[in-house]
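> Sequence and predicted model, in that order:
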Amino acid sequence: RWRRNCRRRRNPPLLISSHRLSLFYVVIFSIQFKLGIKKMPLSLPDVITAAVITAAVVIVGWYVAHYLTAKRDQTNKRRDLRVEYLIEAYRRLEFAGNRPLTNDVATEFEKAVADIQLFGTPRQVELAQAFALGFAEKGTHSLDPLLNELRQELRKELNLESVEPSIKYLRITYDKKRKA
């Protein structure tokens, strides 16, 4: 009757699984082996002690694994977010560089410098601030040191080969007579 009822039910009654039971016996036999006892009568307190020790080891293992996984996930998420923002800042600076200053270009400069100051390395922040100060004083300043630093750092983060430090800009101008 019990077997017939188990077949009908979707969730049979909970039983100790064979791998948990075998782990329990491994613990008991390893204790016997270390103590040099060939056959040790198992009393109820010994069985309970071994079960508690096994459960404690499993619980601590779960906690440690969860903690390390959460820490790794947080580190990976932080790295991905940082790389995403720095790539966008690089693109904005490269877009705005060597172009006539318009409202759109000025906005791109401001956003890029703000992102670098938030997510960049100390060297990148220093270069972004030097660019901002130089641009504020003279109305123009070289982007090359900042763009080179961003490019090298991003390529390193993305496990890409290093490239030569000079950056070449492509700017296409339109004439009224010719299209390009």
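Sure thing, it's come through.
> what ranges do the helices span in this structure?
2-8, 18-35, 44-96, 103-119, 122-138, 144-157 (DSSP state H).
> Where among these is average confidence lowest?
Ranked on mean pLDDT, the bottom entry among those is helix 2-8, at a mean of 49.
> contacting residues around stretch 144-164?
Outside stretch 144-164, the residues within contact range by Cβ atoms under 8 Å, 6 or more residues apart in numbering are 79, 83, 86-87, 89-90, 93-94, 97, 116, 120-121, 123-124, 127-128, 130-131, 165-167. For every residue, glycine as well, the C-beta is placed using N, CA and C.
> List only those of these flagged as buried.
86-87, 89-90, 93-94, 97, 116, 120, 124, 127-128, 131 (16 or more other Cβ atoms under 10 Å).
> Spatially central residue for the chain, please.
The centroid of the chain falls nearest to residue 76 when counting by Cα atoms, centre = their mean (0.3 Å).
> Distance to residue 175 added to the helices of the chain, as a markdown table?
Putting the helices of the chain into a markdown table (distance: least, Cβ to Cβ, whole Å) gives the following:
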| stretch | distance to residue 175 |
| --- | --- |
| helix 2-8 | 85 |
| helix 18-35 | 78 |
| helix 44-96 | 22 |
| helix 103-119 | 21 |
| helix 122-138 | 29 |
| helix 144-157 | 28 |
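> Quick check: which of the ones you listed is nearest to residue 171?
helix 44-96 (10.3 Å; Cβ to Cβ).
> And the closest one, what does it pack against?
helix 18-35, helix 103-119, helix 144-157 (3 or more Cβ pairs under 8 Å, 6 or more residues apart in numbering; DSSP states H and E).
> so how far is the shortest one from its chain's centroid?
Right, helix 144-157. Distance, stretch centre to chain centre, for helix 144-157: 20 Å (Cα atoms, centre = their mean, to the nearest Å).
> and the angle for it with helix 103-119?
For helix 144-157 and helix 103-119, the angle between their directions (axes from the mean of the first three to the mean of the last three Cα atoms, to 10 degrees) works out to 50 degrees.
> Pull out the buried positions in helix 144-157.
So for helix 144-157, counting by 16+ other Cβ under 10 Å, buried means 145, 146, 147, 148, 149, 150, 151, 153, 154.
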